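Novice: predicted model and sequence follow; I will ask about them next.
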Amino acid sequence: MRDLKNLLTSGKNSSNIESKIRCKSFGYQILGFGSGVPAVADATATITWLIVAGGAGGGGANTGGNGAGGYRTNAGSDGNTLTSGATYNVVVGAGGPGIVAVTLAQKGADSSVIGTGFSVTSNGGGTGTYSGPLAFRIGGSGAGGSARAGSGTGGASTAITAVTTETTSVQGYAGGNGVTSGQTAGGGGGASAVGAAGDGSTGGAGGNGLSNSITGSAVTYAGGGGGSANARDTPSSAGSGGTGGGGDGADQPGSANPTGTPPPEAGTDGLGGGSGGMPDNGYITGAAGGDGVVFLRMSDAAAAGGTITSATSTTADVGGSGETVIKFLADGSFVAGSY
């Protein structure tokens, strides 16, 4: 077979050349020669993402651990195609506030990336309640059930329809059930496990989160909050938060716990952790859930040619990989450039 130089100078019509020559190193495809048809650009870029919603905050009394924010990713796959010139809008969900009364507002806020080729939303975590409807406890990961009668069922994780290349089939797990015996509430669900149920002496532990290395280093996200306990009359202890930013629950001060314990722990910002559950009435205000986070990862060339808009975003080279990761801690956008 003649070499490429002879093909280019032979003057033969492209119809006489049966083979197609792909030059991967230069990102184009030669379709034919001598017909005046220009080379067709074949450069492509892909984008991988991790989208974590806000964890739920707490309030009320005898409440379950609060659910972690939903966790969705395609990291580890071939990624979605990044379209040159397209805008990818990013929303980063805030953690739910820690307040006195139980309201729907304590659920974590959703995080999302919406752009050409894909649209993905992770839902905010469900909030633990002592008397509110079960719907409050449903979220990206569900909240633990209360230690009070009538509201002891843990909330479920909101179902998702996975997009192409997504490596997670669920965004979180359910909260554990609470029990009136010993007044120990269930733990909030996390990204990798359900929250544990209260067992009469210990509040349920929060479900653990999931580890992800999209930044080049392994970090665990979206842990559930630990369930509360009422040690006023019977010795008991609150549940611990799940790995990935879940906050510890709190014990009720009383005759069995005269010195009291720390208040419920907040979920960790940037990890989407759920906060710990509130005991009976030992503390006035619950703890806030952790804010979510969004990561976009692509080739260095694709990142350099693009435009980022966000007051709190950072970029970092993923050492030795030829790729850049963009971290969003607040709403923003990425406009893909030419690459």
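Specialist: Yep, it's here. Note that the coordinates shown come from a computational prediction; the quantities given were computed from them, not determined experimentally.
Novice: residues contacting the residue nearest to residue 329 when sequence neighbours are not counted?
Specialist: Spatial nearest neighbour of residue 329, chain neighbours left out: residue 312 (4.2 Å); criterion: Cβ to Cβ, 6 or more residues apart in numbering. All C-beta atoms are positioned from the backbone trio N, CA, C, and that covers glycine. Residues near residue 312 by Cβ atoms under 8 Å, 6 or more residues apart in numbering: 328, 329, 330, 332.
Novice: what subset of those is buried?
Specialist: Buried residues within the contacts of residue 312, defined by neighbour count using 16 or more other Cβ atoms under 10 Å: 328, 329, 332.
Novice: what about these, which are in strands?
Specialist: Secondary structure assignment by DSSP state E places 328, 332 of these in strands.
Novice: any chance of JSON lines for the buried ones among the contacts of residue 312, columns pLDDT?
Specialist: Putting the buried ones among the contacts of residue 312 into JSON lines (pLDDT from 0 to 100) gives the following:
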{"residue": "328", "pLDDT": "97"}
{"residue": "329", "pLDDT": "97"}
{"residue": "332", "pLDDT": "96"}
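Novice: turn the buried ones among the contacts of residue 312 into TSV, including distance to residue 154.
Specialist: Output for the buried ones among the contacts of residue 312, formatted as TSV (distance: Cβ to Cβ, whole Å):
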residue	distance to residue 154
328	31
329	30
332	34
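Novice: so which pair among the contacts of residue 312 is furthest apart in space?
Specialist: 329 and 332 (9.1 Å; Cβ to Cβ).
Novice: now list whatever residues contact both of the two.
Specialist: In contact with both residue 329 and residue 332: 310, 312, 313, using Cβ under 8 Å, 6+ apart.
Novice: now residue 229: phi and psi?
Specialist: Residue 229 adopts backbone torsions of phi -140, psi 150, taken as degrees, to the nearest 10.
Novice: what sits against it?
Specialist: 147, 182-185, 198, 202-203, 236-239, 249-252, 279.
Novice: now do 7 Å
Specialist: Taking Cβ atoms under 7 Å, 6 or more residues apart in numbering, we find residue 229 in contact with 183, 184, 202, 203, 236, 237, 238, 249, 251, 252, 279.
Novice: export those residues as a markdown table, with columns for secondary structure and neighbour count.
Specialist: As requested, these are exported to a markdown table (DSSP: H, G, I helix; E, B strand; the rest coil; neighbours: other Cβ atoms under 10 Å):
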| residue | secondary structure | neighbour count |
| --- | --- | --- |
| 183 | coil | 26 |
| 184 | strand | 34 |
| 202 | strand | 21 |
| 203 | coil | 43 |
| 236 | coil | 26 |
| 237 | strand | 16 |
| 238 | coil | 34 |
| 249 | coil | 43 |
| 251 | strand | 27 |
| 252 | coil | 26 |
| 279 | coil | 33 |
